[in-house]
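Engineer: Quick one, structure for this:
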Amino acid sequence: MKCRFFTFGFAWRTACSLLSGILLACAFPPVEESIGVWFALVPALFVSRFTGSRGSFCFGLLSGIVFWLLCLSWLLQLRLVGGNLPLVILGWISLSVYCAAYMAAFFMIASFLLRFKERTMVSLEDAESRWLGIRDQLFNIALMFGLGVIWVGFEYLRSALFTGFPWNALGISQYRNTALIQIAEYVGVYGVSALIVVVNVALLITTQRIADVYLRRRKYGGMRIDLLVALVAVALTTFHGLGIMRRRNMDDSFVGTVRIAAVQPNVPQTQKWSREAEEEVYDTLYANTELALAISPDIIIWPETSLPGAVGADMNAEKFASRLAANGTYLLVGAMEVEWDEHAKISPSAKVPPHRLYNSSILFNPTGDIEDRYRKQRLVPFGEFIPLDKTLVRLQDYVPIQGSCTPGSRRTVFRIEIVDPATGVAFEAAFSALICFEDIFPSLARRFVIEGARMLVNQTNDGWFDGSSVHVQHMSHCVFRCVENRVPAVRASNTGVTCFIKNTGAVSGIHMADRKDWGIGMLRMLPGCLSVNGRNMQLTLYTKFGDILFALPCAIIACVGFVLVAVAERRQILREQ
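Structural biologist: Model (predicted):
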């Protein structure tokens, strides 16, 4: 196929597709050049402009595979903690191809729309009236926002289908741009993704127009407003965000401030469940908790599965946590929990009695008793459970924790009574725990806030992927849960990023372990304060309605668009035959 300026062959298409994938990956950690995401899609969109829908799907798939292979390269760290190397590589590639398929579908539709514009566009050189030029610009603006909607639709589908995997949406790359991301309280992270795509399409149109003028010696054709519209949209979003941040920083509606000590035990994953290292893990937890008690916090938080023993099966583990909490403060413990099924029939060949295994967050009150518990609802496929493992029992051998977990069913809101030391006034702090990667799911966080949570606690163990970019990638998602629901959060991580996040998305107190210092016995405790609202907090638009107002309609439009383009391509194939 011949382009206006040169023969655009397979090599050029491949190069541009690879370039887009690399630029997209560079916008996320570890490179984290987030400015690149604003033009990263342009090369791949250029391919779509001069390629049929079927070809665009293939080249879009190539871009997506490159992007996801680079972004998910941290999965390869599983080989260092006992993962079977062929299975790890297979999982890494399979997940990357699956996520890339959504990008491929987007570029397939983009190709159809871009080529439809070219077929229907009237050249400004031959225009008989100004209206024809205005019509072209209006079509460009509609194309910009339309493709933004299509992209969001496929991002939402990826986050919802087959248990969902909402990792690294385009908008996540802007987690440090706190002014821009304030629109998330209305439309979630997907609004930021849409804005990024709008700018990319505007840059594509502008680049093509400049090439027309200078390479084909065409007339400029007067003022063009399509790029201006995209830039104004970004500017208005930023100025609006600055206003929101100023008002939020001056907000005096908080009922009180919670003093928190987040413990980072820094236990390497290879030693986490080792019997030989068990005493050292207990000593580390004890030393860090004693250090935290010295500052008299309202609550001390341990990360996910921090206890070496399972609560319900190992009485020593539960007593250990209970004794530390009895020093006069609340203690939120991440632990595996066993619940015995007393009514089930016990088979003579069974190695252990029937039971259920949970990944839990357990709150001990200042007297050392268990106040409440939350059991993780969103389990990691092939990490915490294996599909069909009850039917194919041998599959349980491939679960890292040696047995599938059971998902929890209750959305727990922990409530603790705190007395402000400055005023002596008592207030209630309500919070919910998001265990491991649960904080990447917007729907789960907003349901907790609807139930009454006014602070989020992410207890995680990213030790499976030490030495990779997953620590910062994971943390960046929690930023958006705070903005979407206007609640603060604290992250307590075994290794990686332990930090505090305000309801504006501003991150403070980052504590990321230096690999040179990794080892059991390091004192790592991060103190901080978070201001919380009361029961009468005004819920955000996103908390109230979630993705019903924006992302879900976008997904419907994307599905309809994909079907229509696929049908049109099928008809084209039949005509060619």
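Engineer: contacts, neighbours, all on C-alpha from now
Structural biologist: Noted.
Engineer: Just the C-alpha atoms of the helix or strand of the chain with the lowest mean pLDDT, please, in PDB.
Structural biologist: Least confident element among the helices and strands of the chain, by mean pLDDT, DSSP states H and E: helix 269-272 (a mean of 80). Extracted in PDB, the C-alpha atoms of helix 269-272 (Å, rounded to 0.1, in the frame of the first residue of the first chain):
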ATOM      1  CA  GLN A 269      10.300 -14.400  50.400                       C
ATOM      2  CA  THR A 270      12.700 -17.300  50.400                       C
ATOM      3  CA  GLN A 271      12.800 -17.200  54.200                       C
ATOM      4  CA  LYS A 272       9.200 -16.100  54.900                       C
END
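Engineer: list the buried ones in that helix?
Structural biologist: Residues of helix 269-272 classed as buried by neighbour count (16 or more other C-alpha atoms under 10 Å): 269, 271-272.
Engineer: Over to stretch 279-298?
Structural biologist: Neighbour counts over stretch 279-298 (16+ other C-alpha under 10 Å) mark 280-282, 284-289, 291-293, 297-298 as buried.
Engineer: Heading C-terminal from the least confident helix or strand of the chain, find the next helix or strand.
Structural biologist: Once the chain leaves helix 269-272, the next helix or strand it forms, by DSSP states H and E, is helix 278-293.
Engineer: Beyond that next one, next helix or strand please.
Structural biologist: Towards the C-terminus, the helix or strand next in line after helix 278-293, according to DSSP H and E, is strand 299-301.
Engineer: which regions of the chain lie under the pLDDT threshold?
Structural biologist: With pLDDT under 70 as the threshold, the chain has low-confidence stretches at 1-8, 118-133, 215-223, 341-354, 387-403, 513-523, 577.
Engineer: Quick one: the strands in it, in order.
Structural biologist: In chain order, the chain shows strands spanning 256-263, 299-301, 330-340, 355-364, 370-375, 414-419, 426-435, 456-460, 489-493, 497-501, 507-512, 525-532, with DSSP state E as the criterion.
Engineer: Quick one: closest of the ones you listed to residue 37.
Structural biologist: Each of the strands of the chain was scored for nearness to residue 37 using C-alpha to C-alpha, and the closest is strand 507-512 (21.4 Å).
Engineer: Give me the buried positions along the closest one.
Structural biologist: By 16+ other C-alpha under 10 Å, the buried positions in strand 507-512 come out as 507, 511-512.
Engineer: and it, which strands flank it?
Structural biologist: Note on strand 507-512: by DSSP bridges, its sheet partners are strand 497-501 (antiparallel).
Engineer: For the strand it pairs with, what is the distance to the chain centroid?
Structural biologist: Relative to its chain's centre, strand 497-501 lies at 15 Å (C-alpha atoms, centre = their mean, to the nearest Å).
Engineer: what does stretch 531-545 contact?
Structural biologist: Applying C-alpha atoms under 8 Å, 6 or more residues apart in numbering, the set of residues contacting stretch 531-545 from outside is 184-188, 253-258, 428-430, 446-447, 449-450, 452, 454-455, 484-488.
Engineer: Name only those of the residues you listed that count as buried.
Structural biologist: Among those, those scoring as buried are 184-188, 255-258, 428-430, 446-447, 449, 452, 454-455, 484-488 (criterion: 16+ other C-alpha under 10 Å).
Engineer: Just the ones of these in helices?
Structural biologist: Secondary structure defined by DSSP state H assigns 184-187, 446-447, 449, 484-485 of the buried ones among the contacts of stretch 531-545 to helices.
Engineer: Not counting its neighbours along the chain, what's nearest residue 556?
Structural biologist: The shortest distance from residue 556 to any residue other than its chain neighbours is 7.0 Å, reached at residue 153 (C-alpha to C-alpha, 6 or more residues apart in numbering).
Engineer: Quick check, the one you found in contact with residue 552.
Structural biologist: Yes: look at residue 153 against residue 552 with C-alpha atoms under 8 Å: they come within range, at 7.0 Å.
Engineer: of the two, who's got more company?
Structural biologist: Between residue 153 and residue 552, counted using other C-alpha atoms under 10 Å, the more crowded position is residue 153 (26 against 17).
Engineer: list the contacts for that one?
Structural biologist: With contact taken as C-alpha under 8 Å, 6+ apart, residue 153 is in contact with 551-559.
Engineer: same question, residue 66
Structural biologist: Residue 66 is in contact with 18, 21-22, counting by C-alpha under 8 Å, 6+ apart.
Engineer: hmm, back to that, what separation is there between the residue nearest to residue 556 and residue 294?
Structural biologist: For residue 153, the distance to residue 294 equals 50 Å [C-alpha to C-alpha, to the nearest Å].
Engineer: picking up where we left off before, what's in contact with the least confident helix or strand of the chain?
Structural biologist: Identification of contacts with helix 269-272 by C-alpha under 8 Å, 6+ apart yields 81, 277-278, 281, 308, 463-464.
Engineer: quick one: that helix to chain centroid distance?
Structural biologist: Here the centre of mass of C-alpha atoms in helix 269-272, compared against the chain's by C-alpha atoms, centre = their mean, lies 25 Å away.
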